[in-house]
Structure formats: C-alpha cells, structure tokens
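>>> below are the sequence and a predicted model; questions follow.
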Amino acid sequence: MSDLTGKKIAFLLTNGYEDSELTSPWEAVTAAGAAATLVSPESGSIEGKKGHTQGVDLASASADAADFDALVLPGGVVNADHLRTDTDSVRFTRAFFDAGKPVGVICHGAWILADAGVLDGRRITSYPSLRTDLGNAGANWVDEEVVVDQGLVSSRTPDDLPAFNAKLVEEFAEGVHEGQTA
C-alpha cells in the first residue's frame, strides 16, 4: 500500500451523501497515513442518506485547495446536486485541477466537475445516469470499475469501492500530476 503520511486530504460533501462513499475512502486514506478533513457548505455535522453522521471540519466558503494535497468527492444524488449549485464548493473543486492536484470522485459526485468546467477531453466513469451530463461537459464517459486520467480517479458505485480506494491512495501518493489541469 502507498504511504500518505503527511498528506492532507479534503472530502467535500453535504447532507444526503452516500454513506459508504465517505466512510470507505476516508478509512483508506487515513489508514495510509493521511489526515482527512471534511469540507462542507453546512456547519456542525452532516448526515448521509443511510444515517451516518460526521462533523464538518471546515466551511467550503473558507476552504483553500492550497492547504490540501488531494480532494475526494463522494456521491449521493442529493449531496451532489446541492454541491454543484454552491459557488464556493465549485471554486474549491476547480482549484485542485488548476493546481494539478489529484481528485477522486465516485458515483454522482462527478456532477460538480461539469459545473467546475474541468472535464473537457477527460476520460471518466460515474453512476450511469450522469453519462449524458458528463459527455455534454466534454468528458469521454466509459462504463468501467475505476478510471484514472492524469490524477483524476473515478468509479461508478459503492460496489467499486475496493478498486476506487486502491487507485485513490496510489494517485494521492504520487502527488501533483502535470496532466491534471482544468
């Protein structure tokens, strides 16, 4: 397993997230030595669609990608739809691409990437219902368990979490990717 000691990983989400798409990657990166931070437009704590509750560490309005080494965008329809309309969350997400930092996205979490304008020419997977939206944003959508494109790691559903987590940790350990641009 790759070592993430000293790395700071941001998880961007809000209420209605897919519980396992937060908890499983969180466990994977912290087990590899990273410090994880929950960033949200909400304050206090947020709740997943199956009842997992977790405290918010940092408001997206004051979050700065320069303070982190990588970003994880969990899915969940409600979570993803709310984040993509939050200007601060979109700005924060795009800043990772502008800096060439790795990003992991699973399921509906990819919606925000369309709003951030970072998908042109990128190869990506997601929950199948996002295929048209991501394609309209310029992505080359494929139906695969996990896809890696220059530091962008994507997967379809919670069933893909083992492969997603492994690639996530690997890409995060590599750090900045020259091809990871907006």
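Now that the structure is in, tell me what you want to look at.
>>> Gly44 versus the nearest residue to Gly75 once chain neighbours are set aside, what's the distance?
Using C-beta to C-beta, 6 or more residues apart in numbering and skipping residues adjacent in sequence, the residue nearest Gly75 is Cys107, 2.7 Å away. The C-beta positions use only the backbone N, C-alpha and C, and glycine is treated the same way. Distance of Cys107 to Gly44, computed by C-beta to C-beta, to the nearest Å: 24 Å.
>>> re earlier: was I right to think the residue nearest to Gly75 contacts Gly76?
Yes: in this structure, Cys107 is within contact of Gly76 by C-beta atoms under 8 Å, at 7.1 Å.
>>> which one of these two is surrounded by more residues?
Per other C-beta atoms under 10 Å, whichever of Cys107 and Gly76 has more neighbours is Cys107, with 31 against 27.
>>> quick check: closest non-adjacent residue to Val77.
Going by C-beta to C-beta, 6+ apart, Val77 has His108 as its nearest residue, at 5.2 Å.
>>> packing partners for the strand or helix carrying Val169?
Assigned by DSSP states H and E, Val169 falls within helix 161-174. If you count contacts as 3 or more C-beta pairs under 8 Å, 6 or more residues apart in numbering; DSSP states H and E, helix 161-174 packs onto helix 19-31, strand 70-73, strand 103-106, strand 146-149, strand 152-155.
>>> contacts for it, please.
Contact partners of helix 161-174, identified using C-beta atoms under 8 Å, 6 or more residues apart in numbering, comprise 1-4, 7, 9, 20-21, 24-25, 28-29, 32, 34, 69-70, 72, 102, 104, 106, 145-146, 148, 151, 153, 155, 177.
>>> ok, and for it, which residues are buried?
Neighbour counts over helix 161-174 (16 or more other C-beta atoms under 10 Å) mark Leu161, Phe164, Asn165, Lys167, Leu168, Val169, Glu170, Glu171, Phe172, Ala173 as buried.
>>> same question, stretch 54-72
Within stretch 54-72, the residues scored as buried using 16+ other C-beta under 10 Å are Gln54, Val56, Leu58, Ser60, Ala63, Ala65, Phe68, Asp69, Ala70, Leu71, Val72.
>>> repeat for stretch 111-129
111-116, 118-119, 122-127.
>>> let's see which of those residues end up in helices.
Trp111, Ile112, Leu113, Ala114, Asp115, Ala116 (DSSP state H).
>>> which members of these are the farthest-apart pair?
Trp111 and Ala116 (9.8 Å; C-beta to C-beta).
>>> thought Ile46 was touching Gln54, still the case?
Yes: with contact defined as C-beta under 8 Å, Gln54 counts as touching Ile46 (6.3 Å).
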